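Colleague: Fold the following and give me the result.
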Amino acid sequence: MTAYSGPNLPAIFTEAFRGLREFDKNLITELGKWDIGLKSILDRGISFSDNIDAVSISFTSSGTPDAENTVAHTLGKVPTGFLVYDLNKGAVVYRGTTSWTATNIYLKVNTASTAVKAWVF
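Modeller: Purely as a prediction, here's the structure:
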């Protein structure tokens with residue numbers, strides 16, 4: 001967890017705010033908004049999904065090894081790939097023969113009834 005510390009603006013900016021040019025006032029105001037947004041992101045921690053356009057999926061493969069599994073996703077576009085991050089047994093997950101869509105991907109698993117978790121991107 002990051003402990004974010006905001007910028008230390010010179011006191012002249014805060015003490016004489018009324019006397020500043022409009023541009024300078026706007027700049028200080030926008031920097032303050034940026035600082036608040038950045039603090040909220042960094043203080044909660046940056047997650048994997050904050051950095052990539054991906055969704056996590058979970059499914060259990062068919063009871064038949066190497067059968068094609070239809071897996072729904074919420075990416076909102078046709079994915080370009082997937083990355084498996086958890087399996088409940090030794091298995092290989094690979095692309096099926098059906099073309100992927102904006103709502104489903106088609107994956108095969110070489111072992112029956114395997115619990116799979118993956119990132120779809």
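
Colleague: use CA for all of it now, contacts and neighbours both
Modeller: Noted.

Colleague: Going by secondary structure, residue 116 is in what exactly?
Modeller: When elements are assigned from DSSP states H and E, residue 116 belongs to strand 115-120.

Colleague: partner strands of that strand, parallel or antiparallel?
Modeller: Here strand 115-120 is paired, per DSSP bridges, with strand 55-60 (antiparallel), strand 82-87 (antiparallel).

Colleague: Compare the ones you listed and give me the one nearest residue 41.
Modeller: Closest to residue 41 of the strands paired with strand 115-120 is strand 55-60 (Cα to Cα; 19.2 Å).

Colleague: Let me know which of the strands paired with strand 115-120 is the nearest to residue 73.
Modeller: Of those, nearest to residue 73 by Cα to Cα is strand 55-60, at 6.5 Å.

Colleague: from the chain's centre, how far out does that closest one sit?
Modeller: Here strand 55-60 is found 14 Å from its chain centre; the criterion is Cα atoms, centre = their mean, to the nearest Å.
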